[in-house]
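K.L.:
sequence and predicted model, in that order:
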Amino acid sequence: MRFVDEFRDPELGRALSGEILSLVEPGRHYKLMEVCGGHTHSIYKYGIDDLLPANVELVHGPGCPVCVIPMGRVDDGIAIAHQDGVIFTCFGDMMRVPGSSGSLLDAKAAGADIRMVYSPLDALRIAKHNPERQVVFFAIGFETTAPSTALTLKRARAEHLPNFSVMCSHVTIVPPVRALLESPDLRLDGFIGPGHVSTVVGARPFEFIPADYGRPVVISGFEPLDILQSIEMILRQLAAGRCEVENQYKRVVPYEGNLRALEVMAEVFELRPHFEWRGLGFISHSGLKLTEAYAELDAEARFSVPGVRVADPKACQCGEVLKGVIKPWECKVFGTACTPERPIGTCMVSSEGACAAYYNFGRFAREREVV
Amino acid sequence: MAEPAVLSEREQRILGIIETARSKRAKFRDERINMAHGAGGKATQTLIEGLLAPAFASEALEELADAGMVEVGGMELALTTDSYVVKPMRFPGGSIGELAVNGTVNDLAVSGAKPLALSLSLILEEGLAAEELKAEVEAIARAAREAGVEIVAGDTKVVERGHADGMYVCTTGIGLRDARARLSPAALRPGDRILLSGSIGEHGTAIMLARGEFDLDAEIESDTRPLWDVVDALLDAAGPDLRCMRDATRGGVASVLNELARASSVAMIVREGAVPVQPAVAGAAELLGIDPMYVANEGKLVAFVAPGAAEAALQALRALPGCEAAAEIGEVRTEPPGMVLVQTSFGGKRVMDQLVGDPLPRIC
């Protein structure tokens, strides 16, 4: 495939791998966090950590928009889905995320009309085709998906669709990263910056990471060579004692972001005072809700929801796993109370979460020896 | 840093707990059936191993093979059954009727049995157009002729409108075990080569595009076809060195390899670059974020062959029409048991796990 294979060339990969090896100091341990779930996916898919020296460790960050939705909000979604006449729509990977008593997939089996959509516009289309039903879209994701929800809401308002509403669970990327950095026991040396989010917000919002916390950031693309090159750029900064925001993904990410998308978001969304993250707890100004002008399209206002906060069990140590303070298996509930079948924290929910990966692949995730 | 030795002891203990938990038979604990139970992944496995197999306590069933063996008067007969609920009923390259014949005869074929006869049950929805029914009956008759099997028994039921999405088809097949076949997951040995009879992912991708949920156009046809001639050629070329076969339907090649790795407590390594995938399928998979290794096929088999016979088996495959793209994609290893690993084209290694979610319901 043209424009794809170029970024997956194993020869170039080996060359970068060699560069990386020459940049690391033996005896020093490097912990780099990839913030975005998309990077975690690529790292896993191409076996990228297999190409890194043993003392360069990748820590999976909080950037999987599905995993961070807390149980209470899944419960709220299920409560709406069970109301008479409602068609509840969401992205496919949201279906399996557990609430306090089952997932949306289970609610579907129990009779709720829950449909998988590929974009919020699909949900809007369902609303137009079913004027006698109430159609609710469960909006999740970072600044990457928020603009398309915003545009859908604008269209719904312009077309005066009375039977469409959105349960807004959009989140923003900077607050959780800042929350991780605020932690006194942080053990991260640098960040692989989120490429998709940055196409919208640009690179500038990440300047606080080197400025206030002294850690380098490289905004990265999602192909294997992009990620290897970003790791190389971070290590080069560390070796030279530099610390700044660099943009490896220049072919897509403008430094200032996408102003048009930011405008639309500002018109439709405003920050919630605080929002709960699964495994990380409440983080101020980290979630989005609809502005006054769009309040009538807010599903949480239109339907009664329990709105009950379901606390992560106290023993859950996802926060520390995310900060790189402990390894998955050092968590008190790992493998006993918390398993991929019955996950407690964010790291066990998605198969790409650090704990789920370790649970499933155990020692082979590190040693990768095949005899 | 704490003492590494102490840490590693605790880590070992926890990994031990996990391994014990994983090796225990899956329990079926769900309150209701959901779509994942039909997807061929972990939930399906829980349903089969946790509820069905223990309830019937049949030795043949315990093997969880594609067909069960029954001995009748010194003859070994293979028996298999399958239901077809594919949506839409017709798709590029095939239809539900053709699938209902090929799917069942292929389960017999990969068990080393020559398909002999089928039974056919039709569940029809009130309001189904007679033209559509006729077209499917003709497709069934044609596919049966091509596969060399007779339809010898049948049944029809009609259900109210809204209950069967046009039609569902169930077929049961009977076959005679070929004398050359010595097939069993237990026969897998480290060093055995993994052969694939052609390019993968066409059936699932064709269905996905036929549903029109994505604004994507591509010339991709289902690969549905009977596989007995392929099995026959492999048995001729490799004889007893042909250890085991599976047709890579629901859940794709990845699921087949995982099932066998678990059943035989061996490891497998797959070279991603060696797996044949048509460019259009690779493109669609790329756009949709799907790995073709997990996409359903309806005319492809995976064969495990002893190293000495692998080349002959591969040449025999490639000589068959429709199998020109056959390839050796990897081999059986010992460690880590029960795991399938992939050597990625990019140079890294990763685990290719069992399917967890449900990428696409009602594929066959």
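P.N.:
Looks like it arrived, so ask away. Numbering: from 1, shown residues only, chains lettered A, B, ... in the order given.
K.L.:
got a pLDDT number for residue 180?
P.N.:
I'll assume chain A. Residue-level confidence at A:Leu180 comes out at 87, pLDDT.
K.L.:
was after chain B, sorry
P.N.:
94.
K.L.:
which residue does the stretch 151-300 of chain A have closest to chain B?
P.N.:
A:Pro224 (4.7 Å; Cβ to the nearest Cβ). The C-beta positions use only the backbone N, C-alpha and C, and glycine is treated the same way.
K.L.:
tell me, how many residues neighbour residue 84?
P.N.:
In the absence of a named chain, this looks at chain A. A:Asp84: 6 surrounding residues under other Cβ atoms under 10 Å in any protein chain shown.
K.L.:
oops, wrong one, chain B.
P.N.:
21.
K.L.:
correct me, but it touches B:Val101?
P.N.:
No: checked against Cβ atoms under 8 Å, the pair B:Tyr84 and B:Val101 is beyond contact range at 9.6 Å.
K.L.:
please, which helix or strand holds B:Trp30?
P.N.:
Just so we're on the same page, residue B:30 is Asp rather than Trp. Under DSSP states H and E, no helix or strand contains B:Asp30.
K.L.:
distance check, it against B:Leu176.
P.N.:
39 Å (Cβ to Cβ, to the nearest Å).
K.L.:
then A:Gly287?
P.N.:
64 Å.
K.L.:
among these two, which residue is more densely surrounded?
P.N.:
A:Gly287 (22 against 15).
K.L.:
the more buried one pairs with what?
P.N.:
On the basis of DSSP bridges, A:Gly287 is bridged to A:Val171.
K.L.:
can you point out the buried residues in the helix or strand hosting A:Ile227?
P.N.:
Element membership for A:Ile227 (DSSP H and E) is helix A:224-240. Applying a neighbour-count criterion of 16 or more other Cβ atoms under 10 Å in any protein chain shown, one finds A:224-238 buried in helix A:224-240.
K.L.:
can you list the domains in the chain?
P.N.:
Picked chain A for this. Domain ranges of chain A: A:1-311, A:318-359, per automatic domain parsing.
K.L.:
let me rephrase: I mean chain B.
P.N.:
Listed by automatic domain parsing, the domain ranges of chain B are B:63-177, B:185-351.
K.L.:
so the first one, near chain A or not?
P.N.:
By that I understand domain B:63-177. No: contact of domain B:63-177 with chain A (Cβ under 8 Å from any Cβ of the partner chain) is absent, the minimum separation being 14.0 Å.
K.L.:
just how off-centre is that domain within its chain?
P.N.:
Here the centre of domain B:63-177 is set off from its chain's centre by 16 Å, with Cα atoms, centre = their mean, to the nearest Å.
K.L.:
can you check the last one too?
P.N.:
Centroid displacement of domain B:185-351 relative to its chain, using Cα atoms, centre = their mean, is 9 Å.
K.L.:
so is it next to chain A?
P.N.:
Yes: counting by Cβ under 8 Å from any Cβ, chain A has neighbours in domain B:185-351: B:213-214, B:267, B:269, B:279, B:282-283, B:286, B:291, B:333-336, B:339, B:341-351.
K.L.:
what about burial for these, which qualify?
P.N.:
Neighbour counting by 16+ other Cβ under 10 Å classes B:267, B:269, B:282-283, B:291, B:333, B:336, B:339, B:341-351 among these as buried.
K.L.:
so which of those sit within helices?
P.N.:
B:282-283 (DSSP state H).
K.L.:
show the contacting residues for the residue of the stretch 151-300 of chain A closest to chain B.
P.N.:
With contact set as Cβ atoms under 8 Å, 6 or more residues apart in numbering or on different chains, A:Pro224 has these partners: A:7-8, A:13, A:42, A:46, A:48, B:346, B:348.
K.L.:
out of these, who has the most neighbours?
P.N.:
Ranking these using other Cβ under 10 Å puts A:Tyr46 first, with 27 neighbours.
K.L.:
so where's the stretch 251-371 of chain A uncertain?
P.N.:
Within the stretch 251-371 of chain A, the segments meeting pLDDT under 70 span A:351-352, A:361-371.
K.L.:
which stretches of it form helices?
P.N.:
A:259-268, A:299-302, A:318-323, A:346-349, A:354-361, A:364-367 (DSSP state H, counting those that start in this stretch).
K.L.:
most tightly packed of these?
P.N.:
helix A:346-349 (a mean of 29; mean count of other Cβ atoms under 10 Å in any protein chain shown).
K.L.:
any idea how far A:Ser198 is from the residue in the stretch 201-350 of chain B that chain A sits nearest to?
P.N.:
Using Cβ to the nearest Cβ, the single residue of the stretch 201-350 of chain B nearest to chain A is B:Gly348, 2.2 Å away. Remark: distance between B:Gly348 and A:Ser198 (Cβ to Cβ) = 25 Å.
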